[in-house]
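Engineer: here is a sequence with its predicted model. Questions after.
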Amino acid sequence: MRASATLTTALAAAAALLLTACGSDAQPSGTIKGAQTGAPPTPSPSVADAAHRPKITLPSDVHYIFENTSTGDAVKDAIWHDTAQLIMTQDEAIAEENPRLPALLYYSTELGQAAYSRSVEWYMSHGHSITGTDRYYAPNITVGNDTASLKYCSDESKAFDKVRKTGEVLTTPVDINDYVFHIARLKRNPAGVWQTSYIETDRGASQCEQ
């Protein structure tokens, strides 16, 4: 489990937006059917142009699997897409040691930006970065009037902390705590971007063990 996992509870209690991960020394079993590695599908050109979305650049050893990226509902797809962008920008901010990374601020509301910055600062103060593969799946989305609620799972059994100076990967055995249930709230801004305003996590979620 990532050493920062104990921070999740404290920040969640304060309506923070920390997304942490667990890890193991198990190797990936291959591509999951219906999943997408890397970034999820880009939004339509009109939305992308209007929003002037920032480019996300990640280390070569950081990977993702996003499932259910096409639901048949354009609004729900956009919500899941922008949530994925936020997940990746947090890791980019950690890798670059930049708690005020513009892309990170872009995909969260003002309410959550300070908490995300504290998350990145924790990694900086402990000399840690990130590596491995995170899997995100089973999105359940309810849409309101420019607002949405999103529930989803993550499998963090192949995601790890690593020591920045030495490159040592900090692994732990796979267990139930690698499976995390997330509940998020989002708001669509005038540019059409779905920004996360709140997220809470339930680590050790048996409903996500798949």
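Structural biologist: Looks like it arrived, so ask away.
Engineer: could you pull out the helices for this structure?
Structural biologist: Per DSSP state H, the chain carries helices over the ranges 5-13, 45-51, 74-96, 102-106, 110-126.
Engineer: for the shortest one, give the mean pLDDT please.
Structural biologist: It refers to helix 102-106. Mean pLDDT, computed over helix 102-106, is 91.
Engineer: which of the residues in it are buried?
Structural biologist: Buried positions in helix 102-106, judged by neighbour count with 16 or more other Cβ atoms under 10 Å: 103-106. Every residue, glycine included, has its C-beta placed from N, CA and C.
Engineer: now the residue nearest the centre of the chain: how far from residue 167?
Structural biologist: Against the mean C-alpha coordinate of the chain, by Cα atoms, centre = their mean, the closest residue is residue 87 at 2.4 Å. To residue 167, residue 87 is 23 Å away according to Cβ to Cβ, to the nearest Å.
Engineer: please apply the same query to residue 62.
Structural biologist: From residue 62 to residue 167 the distance is 14 Å (Cβ to Cβ).
Engineer: who has more neighbours out of these two?
Structural biologist: Comparing residue 62 with residue 167 by neighbour count (other Cβ atoms under 10 Å), the higher total belongs to residue 62, at 18 against 10.
Engineer: doesn't residue 131 make contact with that one?
Structural biologist: Yes. The pair formed by residue 62 and residue 131 meets the contact definition of Cβ atoms under 8 Å, at 6.2 Å.
Engineer: between the two, what contacts are shared?
Structural biologist: Taking Cβ atoms under 8 Å, 6 or more residues apart in numbering as the contact criterion, no residue touches both residue 62 and residue 131.
Engineer: and the helices of the chain: which comes nearest residue 172?
Structural biologist: Closest of the helices of the chain to residue 172 is helix 5-13, at 9.8 Å (criterion: Cβ to Cβ).
Engineer: avg pLDDT for the closest one?
Structural biologist: 37.
Engineer: quick one: least confident helix or strand in this protein?
Structural biologist: helix 5-13 (a mean of 37; mean pLDDT, DSSP states H and E).
Engineer: could you list the low-pLDDT ranges of this protein?
Structural biologist: Applying pLDDT under 70 to the chain flags the ranges 1-51.
Engineer: which residue is the nearest non-sequential neighbour of residue 155?
Structural biologist: Once flanking residues are discounted, residue 155 sits nearest to residue 135: 4.1 Å by Cβ to Cβ, 6 or more residues apart in numbering.
Engineer: which stretches of the protein form strands?
Structural biologist: 35-37, 62-67, 128-143, 147-163, 169-170, 179-188, 194-203 (DSSP state E).
Engineer: quick one on the thing from earlier: count of residues packed around the residue nearest to residue 155?
Structural biologist: Counted by other Cβ under 10 Å, the residues lying close to residue 135 total 23.
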